[in-house]
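Novice: The sequence isn't on hand, but the structure is:
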Ligand SMILES: [Zn+2]
């Protein structure tokens, strides 16, 4: 079957584009999807945010008083990693109900599923609330594409947001925010044989890292998301072994929960680490939480219950998504993360997706679109 009608075939086609980030080259993959959507009658626009980097926004319907449903996914992937792959990461190999490849779970299968579902409804969408498909690049390096769309006002006015990240088709209603900081320390360089003449930036960075080991956020746990977390992911300093280093930096990855103000948190960390440590913000995206009592969330749960064989319960994703950047730009509409990929296979060697889940996701997205648009 052709790729615009069969999401497994479309996933295979998307896997053949190498969109590994960094460095990230989404242009070919984005154009391929854009062309399919244009052929199906969508209004398609491209939003470049760097050399060979682009996002796609595609809309259909949305001409009535009701606002469209946004469905979003990213087409960049993480690198292959150091371990040897037994499957070709770019060939869309399938075996025993599994489809292998970098990005099969995270998240080209999700993008393929919603594109096929939207195309299946396309000829009925005129005059309805409609859909807005937001296909981003640069997600894996911190929502780069989505933040660009938000900053440049490239988005419409969607009233609900569906993120097709890997959840094995279980609808999730929350995820933490991400607040990435770099702590920088300065010193004075000197010959390594005379350290007393220098001022060692690595010792300062090491003290800063250790001061963060048991950092207390001082707030109660969120019922779904638990406690915020802090991890020191990197520590770099010095250029050569026989000099006193005059510069060092510590990469701090904080995951926040609803109610936490990032600016206030940064201020607290600054006081905690002292004036000798500069803090630079690398990524600042908010947490996402929608009450499971929201009528649209209830509708999505209702659609998923027969597919899952159980009524979904409110649960949270462990990772963050582009919703952190897109949701505020849409005015904080209800948001669900729901996609066919296997969450445990994201970023793994020999990544795969279960083909049956891709077909289930197409059927689920189609039902969700039809309900939204009263078809
Ligand atoms: Zn992802």
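Specialist: Received it, and whenever you're ready, just let me know what you need. Keep in mind that this is a model prediction, so the values were computed, not measured.

Novice: What is the burial count for the residue of the stretch 101-250 of the chain found nearest the ion?
Specialist: With C-beta to the ion, the shortest gap between the stretch 101-250 of the chain and the ion falls at residue 106, namely 4.1 Å. Backbone N, C-alpha and C define where each C-beta goes, glycine included. Residue 106 has 28 neighbouring residues, counting by other C-beta atoms under 10 Å.

Novice: quick one: residue 352 from residue 7, how far?
Specialist: Counting by C-beta to C-beta, to the nearest Å, the separation of residue 352 from residue 7 is 15 Å.

Novice: which of those two has more neighbours?
Specialist: When residue 352 and residue 7 are compared for neighbours, residue 7 comes out ahead with 30 against 22, by other C-beta under 10 Å.

Novice: wouldn't the more buried one be in contact with residue 363 here?
Specialist: No: proximity of residue 7 to residue 363 does not meet the contact threshold set by C-beta atoms under 8 Å, at 9.9 Å.

Novice: intersection of neighbour lists for the two?
Specialist: residue 117 (C-beta atoms under 8 Å, 6 or more residues apart in numbering).

Novice: Contacts only, for the residue of the stretch 101-250 of the chain closest to the ion.
Specialist: The contact partners of residue 106, taken as C-beta under 8 Å, 6+ apart, are 77, 78, 165, 166, 341, 345, 346, 347, 351.

Novice: among those residues, which are within reach of the ion?
Specialist: Contacts with the ion within these, counted by C-beta under 5 Å from the ion: residue 165.

Novice: which one of the contacts of residue 106 sits closest to the ion?
Specialist: Nearest to the ion among these is residue 165, at 4.9 Å by C-beta to the ion.

Novice: my guess is that closest one is in a helix, correct?
Specialist: No: counting by DSSP: H, G, I helix; E, B strand; the rest coil, one finds residue 165 to be coil, located in no helix.

Novice: what's near enough to touch it?
Specialist: Residues in contact with residue 165 (C-beta under 8 Å, 6+ apart) are 73, 106, 107, 110, 317, 319, 321, 337, 339, 341.

Novice: Let's see that with 7 Å instead.
Specialist: 107, 110, 317, 321, 337, 339 (C-beta atoms under 7 Å, 6 or more residues apart in numbering).

Novice: how about the residue nearest to residue 76 when sequence neighbours are not counted, phi and psi?
Specialist: Sequence neighbours aside, residue 21 is the residue nearest to residue 76 in space, at 3.9 Å (criterion: C-beta to C-beta, 6 or more residues apart in numbering). With angles defined as degrees, to the nearest 10, residue 21 sits at phi -120, psi 120.

Novice: can you map out the strands along the stretch 101-250 of the chain?
Specialist: Remark: strands assigned in the stretch 101-250 of the chain by DSSP state E, counting those that start in this stretch are 131-136, 160-163, 174-175, 177-186, 229-237, 247-256.

Novice: Mean pLDDT and distance to residue 282 added to those, as TSV?
Specialist: Putting the strands of the stretch 101-250 of the chain into TSV (pLDDT from 0 to 100; distance: least, C-beta to C-beta, whole Å) gives the following:
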stretch	mean pLDDT	distance to residue 282
strand 131-136	98	19
strand 160-163	98	22
strand 174-175	98	19
strand 177-186	97	4
strand 229-237	97	11
strand 247-256	98	8
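
Novice: Kindly reformat those strands as JSON lines and extend each row with mean neighbour count and distance to residue 262.
Specialist: Shown next, in JSON lines, are these (neighbours: other C-beta atoms under 10 Å; distance: least, C-beta to C-beta, whole Å):
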{"stretch": "strand 131-136", "mean neighbour count": "28", "distance to residue 262": "22"}
{"stretch": "strand 160-163", "mean neighbour count": "27", "distance to residue 262": "21"}
{"stretch": "strand 174-175", "mean neighbour count": "24", "distance to residue 262": "15"}
{"stretch": "strand 177-186", "mean neighbour count": "21", "distance to residue 262": "5"}
{"stretch": "strand 229-237", "mean neighbour count": "14", "distance to residue 262": "13"}
{"stretch": "strand 247-256", "mean neighbour count": "21", "distance to residue 262": "7"}
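
Novice: packing partners for the helix or strand in which residue 48 is found?
Specialist: Using DSSP states H and E, residue 48 sits in strand 43-50. Counting contacts by 3 or more C-beta pairs under 7 Å, 6 or more residues apart in numbering; DSSP states H and E, strand 43-50 packs against helix 27-39, strand 53-60, helix 144-151.

Novice: if you average pLDDT over that strand, what comes out?
Specialist: For strand 43-50, the mean pLDDT works out to 97.

Novice: May I see the buried residues of that strand?
Specialist: For strand 43-50, burial by neighbour count (16 or more other C-beta atoms under 10 Å) applies to 44, 47, 49.

Novice: gap between the residue of the stretch 101-250 of the chain closest to the ion and residue 157?
Specialist: Using C-beta to C-beta, residue 106 is found at 28 Å from residue 157.

Novice: coming back round to it: can you tell me the closest non-neighbouring residue to the residue of the stretch 101-250 of the chain closest to the ion?
Specialist: Using C-beta to C-beta, 6+ apart, the nearest residue to residue 106 is residue 346, at 3.8 Å.

Novice: got it, and residue 324?
Specialist: Excluding its sequence neighbours, the residue lying closest to residue 324 (C-beta to C-beta, 6+ apart) is residue 285, at 3.5 Å.

Novice: Do I have it right that that neighbour meets residue 143?
Specialist: Yes: using C-beta atoms under 7 Å, residue 285 is in contact with residue 143, at 5.6 Å.

Novice: Find residues that contact each of those two.
Specialist: Shared contacts of residue 285 and residue 143, defined by C-beta under 7 Å, 6+ apart, comprise 324, 325.

Novice: tell me which residues form a beta bridge with residue 162?
Specialist: Beta-bridge partners recorded for residue 162 (DSSP bridges): residue 71, residue 336.
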